[in-house]
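Participant: next input, structure requested:
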Amino acid sequence: MSRSTKVAIIAALPREIKGLVRGTVADASLVADGVWLYRIDGAVVVAAGMGAERAAVAVEAALAAGEVGMLISSGLAGGCTPGVLAGSVIEAGLVVEVASEDRFVAGDGTGVTLATAAAIASVAEKARLAERFGAGMVDMEAAAVARIALGRGLEFRAIKGVSDGHDFELSSLGRLEGERGSFRTGAFAAYTAVRPWTWGRAIELGRGSAKALAGLEEALRSVIAGSDTLGG
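Facilitator: Okay, here's the model as predicted:
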């Protein structure tokens, strides 16, 4: 690789990085393995699926693509407390892996705690994570990224867009994970289409996600440019 980079941005799903990589093309040699890797000015951006295993795959692809000094776990997360609102962008100061209870400092170590769970969290699980760990947000990937960053001596940050609030739940989401940590968007649309009572929640999730991703793109561009003003 002739070009080096300082920042590697790791997300779960291609739609979470769509705005950031607009106008570029994914590395064709990796797409067949479910890895969407893009090179933009100042960064390599990768989405390889939901969950810890796929996050690790994404990180290894990013590290192989050029020199990296900082790993950023990005993408969408759910809110666990009333103060963490859908559509907001928040940087975590601490990441907690729920299964092991291992803790990882993120950024400057101040701000919201992000819990990394093995599955999409229900309302009850969000409340438990808030009580048990003081978590303000929950995702499925950040702890895996943090563990690799620690092992490689790399700077680590976790910057998330909040797609849904602490009281949001759509039970179908947890059943729609596809191969290599993908989300079966078509199956979700089909499931929702014949269940009118879910339409309001689906629209709410879509709006929250869209607002969060727009803000997240802006925040990440600021980090890449070295003019970061994002707070926790």
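Participant: after the helix-or-strand element of the chain with minimal mean pLDDT, which helix or strand is next?
Facilitator: Least confident element among the helices and strands of the chain, by mean pLDDT, DSSP states H and E: helix 185-193 (a mean of 56). Per DSSP states H and E, the first helix or strand lying C-terminal to helix 185-193 is helix 199-225.
Participant: buried ones in that following helix?
Facilitator: Buried residues in helix 199-225, counted by 16 or more other CB atoms under 10 Å: 201-202, 204-205, 208-209, 211-213, 215-217, 219-221, 223-224. For every residue, glycine as well, the C-beta is placed using N, CA and C.
Participant: and residue 109, which of the three is it?
Facilitator: Here residue 109 is recorded as coil under DSSP: H, G, I helix; E, B strand; the rest coil.
Participant: which residues touch it?
Facilitator: Taking CB atoms under 8 Å, 6 or more residues apart in numbering, we find residue 109 in contact with 93, 94.
Participant: pLDDT score for it?
Facilitator: Note for residue 109: predicted pLDDT of 91.
Participant: ditto for residue 174
Facilitator: pLDDT, read off for residue 174, is 51.
Participant: number the residues from 12 up from this point.
Facilitator: I'll keep to 12 as the first residue from here, and by that count the last item is residue 185.
Participant: my read is that residue 99 contacts residue 223, right?
Facilitator: Yes - shown here, residue 99 and residue 223 form a contact pair, counting by CB atoms under 8 Å, at 6.8 Å.
Participant: look up phi and psi at the residue nearest the centre of the chain.
Facilitator: The chain has residue 86 as the residue nearest its centroid, 2.8 Å off, counting by CA atoms, centre = their mean. Dihedral pair for residue 86: phi 90, psi -160, per degrees, to the nearest 10.
Participant: dump the residue contacts of it.
Facilitator: By CB under 8 Å, 6+ apart, the neighbours of residue 86 are 21, 22, 23, 24, 27, 28, 58, 150, 152, 171, 172, 227.
Participant: what does residue 23 give?
Facilitator: Contacts of residue 23 by CB under 8 Å, 6+ apart are 58, 59, 60, 61, 62, 65, 66, 86, 87, 151, 152, 192.
Participant: how about residue 31?
Facilitator: Shown in contact with residue 31 (CB under 8 Å, 6+ apart): 20, 49, 51, 56, 228, 231, 232.
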